[in-house]
Every structure is written in C-alpha cells, then in structure tokens.
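Peer 1: Below is the sequence, then the predicted model.
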Amino acid sequence: MPPTAILDVDGTLVDTNYQHVIAWYRAFKRHDIVLPLWRIHRHIGMGGDQVVGALAGDDVERERGDEIRAAEKELYFQLIDEVEPFDGARGLIERLKQRGHTVVLASSAKAEEIDHYLDLLDARELADGWTTSADVEATKPHPDLVLAAVEKAGGGEAVMVGDTPWDCESARGARVQTICVLTGGFSEQELLDAGAVAVFESIAELALRLDGTPLA
C-alpha cells in the first residue's frame, strides 16, 4: 500500500499564516503586550497551546494564556473570509487519491475552522479523514497531531506535507518523513535544516513531482 499522505492545512493547503500573525498581534496587544510581527511569524505553525509561552514567557501563559488564545480565535474569525486555498490544493488531494494514498488533513484548529477549510477545498467527501484540536492533548511541535492523523488512517507508513519547521519537528517525533512547501513563509534552507526531505515552491509543483518524493 502507498504511504498515507498527512496534509497540514494552515499555510499548506490554505493561505492563513499571515492572517494568524495579525490575529495573534492584536490578541497580545489587547492584553498590553506588543510584539514585533516578524517574531510572531516565526512561531506560526506552532500550536496555539504553545505560542503564548514561547512568545511572551511562562508567566504570561500561566496568568493570561487562555484569555489571549480566546482573543486570537475571535480576531482570526474576523479575517477568515479573506482566506483562500492555494492553487492546486484540491488537485493535490485528488492526485494522491488517484494514486491510491489514504489522505488525512492534519490540523489542530478548532472544528469551526476545519469546517470552513473543508468547504473552501470542497474536500469533505474527498479526504479520508481530518483532525481537529479535540484529537490532541498537545499541539505542534509535539508529535500528537501526526500520531492522531496516522491513527485515523488505520496505522502504517505515512508521509507529512507541511510548510513550517514545526511541522518537521512534529513529524520527526512521530517517526514520519516530511515534505515541505514554501507557502508558510519559511526559507528552503530553514525547512531542510528542520528535517524536511524535500522542499517545493508550491503545492502545485509538488503535485507534478510526486514521483521524486517519499510519496512516490
């Protein structure tokens, strides 16, 4: 059997990373914490349960973490209608299915966000499954999300497709190889250094070059 294709959603299939940067910036500022946007971007792809402590420290996480996350969710939903799928995103899913892969969309977002993305991608009947925040105790860079996706596929060999170093770290913890695309705003060298076995400019390019990847 071909390996399961675990496809990250945010920043990989749908263009959300910079909306999340703005939402996190505004959420922190609402709590009198002003952070440079570039620093926030460096942590996009890390799960929301990890971001507050990583950016603002353990004391802020302990005292205001849940409030900041709630604000980010509210503020992101004000921007979600601006999100578009990347060119070729649904086509990649179709191509993987045609080649016999089980396809699981891997996200630690809330169910409402995943529902929105499934509709954007018209993938509800196409994908074999998907994850949400309800499926994991700890998000990326912990391996829980990748392990949950493998479990939804019924186990066996899998390959992750992502866009950030956090995807690579999460997959490595689950002993899964990662292919990356540049759509998350991280450089090719950063992704290779994080453990990606191959990096492509876009999802559309990856779809054309699957035979040269662990998804061959």
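Peer 2: Structure received.
Peer 1: which residues of the chain score low on pLDDT?
Peer 2: Across the chain, nothing is flagged by pLDDT under 70.
Peer 1: Strands of that one, start to end?
Peer 2: According to DSSP state E, the chain carries its strands in the segments 4-8, 103-106, 129-130, 158-162, 177-181, 198-200.
Peer 1: Redo the ones you listed as CSV? Include distance to Tyr117.
Peer 2: All C-beta spots, glycine's among them, are computed from the backbone N, C-alpha and C. Shown next, in CSV, are the strands of the chain (distance: least, Cβ to Cβ, whole Å):
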stretch, distance to Tyr117
strand 4-8, 11
strand 103-106, 8
strand 129-130, 9
strand 158-162, 15
strand 177-181, 16
strand 198-200, 21
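Peer 1: Using a markdown table, please lay out the ones you listed together with mean neighbour count and distance to Glu113.
Peer 2: Output for the strands of the chain, formatted as a markdown table (neighbours: other Cβ atoms under 10 Å; distance: least, Cβ to Cβ, whole Å):
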| stretch | mean neighbour count | distance to Glu113 |
| --- | --- | --- |
| strand 4-8 | 28 | 13 |
| strand 103-106 | 26 | 12 |
| strand 129-130 | 20 | 11 |
| strand 158-162 | 27 | 17 |
| strand 177-181 | 26 | 20 |
| strand 198-200 | 20 | 25 |
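Peer 1: Ala138 is nearest to which of these?
Peer 2: The closest of the strands of the chain to Ala138 is strand 103-106. By Cβ to Cβ, the value is 14.2 Å.
Peer 1: Please state the offset of that closest one from the chain centre?
Peer 2: Its chain's average C-alpha position is 10 Å from that of strand 103-106, according to Cα atoms, centre = their mean, to the nearest Å.
Peer 1: do stretch 160-174 as well
Peer 2: Mean-position distance between stretch 160-174 and its chain equals 9 Å (Cα atoms, centre = their mean).
Peer 1: what does it rub up against?
Peer 2: 5-8, 11-12, 17, 44-47, 92, 106, 140-147, 150, 176-184, 186, 190-191, 193-196, 206, 215 (Cβ atoms under 8 Å, 6 or more residues apart in numbering).
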